[in-house]
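Asker: Have a look; sequence and predicted model below, questions after that.
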Amino acid sequence: MKESFSNVFVNLDMDLTDRELMKNAEVIKISVSADRSSLTVYLRNKEEIPRSTIRSAEKAIREKIFDNKSIQIEILMLAAEGGSSV
């Protein structure tokens, strides 16, 4: 998929600081559970994104796209390409 977070999730109601931190994140994959109770977004970014920003983005997706339905939204950060693994 490889699109920027801001292109995939347009017009989310997020704090400007959080939006700035997420703008260069690359969406690698989006998956939905078979029963449609959860959505997982896989991201890659050159720099670590604070957990509070990730939670803010999850909340914004739930509010804007799913109209506050009880769907579980989870954003997972993948290691940056070419990065070293420990």
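Answerer: That came through fine.
Asker: List the contacts of residue 3.
Answerer: The contact partners of residue 3, by CB atoms under 8 Å, 6 or more residues apart in numbering, come to 26-27. Heads up, the C-betas are built off the backbone N, CA and C, glycines and all.
Asker: could you redo the last one with a cut-off of 7 Å?
Answerer: residue 27 (CB atoms under 7 Å, 6 or more residues apart in numbering).
Asker: What ranges does this structure have for its strands?
Answerer: Listed in chain order, the strands found in the chain under DSSP state E are 3-4, 26-32, 38-44, 72-78.
Asker: which ones are touching residue 8?
Answerer: residue 27.
Asker: Distance of it relative to residue 73?
Answerer: Distance, residue 8 to residue 73, by CB to CB, to the nearest Å: 13 Å.
Asker: Likewise for residue 62?
Answerer: Residue 62 is 5 Å from residue 73, by CB to CB.
Asker: circling back: could the strands of the chain go into JSON lines alongside mean pLDDT and distance to residue 17?
Answerer: Compiled in JSON lines, these are given as follows (pLDDT from 0 to 100; distance: least, CB to CB, whole Å):
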{"stretch": "strand 3-4", "mean pLDDT": "94", "distance to residue 17": "17"}
{"stretch": "strand 26-32", "mean pLDDT": "96", "distance to residue 17": "20"}
{"stretch": "strand 38-44", "mean pLDDT": "97", "distance to residue 17": "17"}
{"stretch": "strand 72-78", "mean pLDDT": "96", "distance to residue 17": "17"}
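Asker: Just name the most buried of these.
Answerer: Across the strands of the chain, averaging neighbours per residue (mean count of other CB atoms under 10 Å) puts strand 38-44 on top, at a mean of 17.
Asker: Stretch 43-60: end-to-end distance?
Answerer: Terminal residues of stretch 43-60 lie 16 Å apart, using CA to CA, to the nearest Å.
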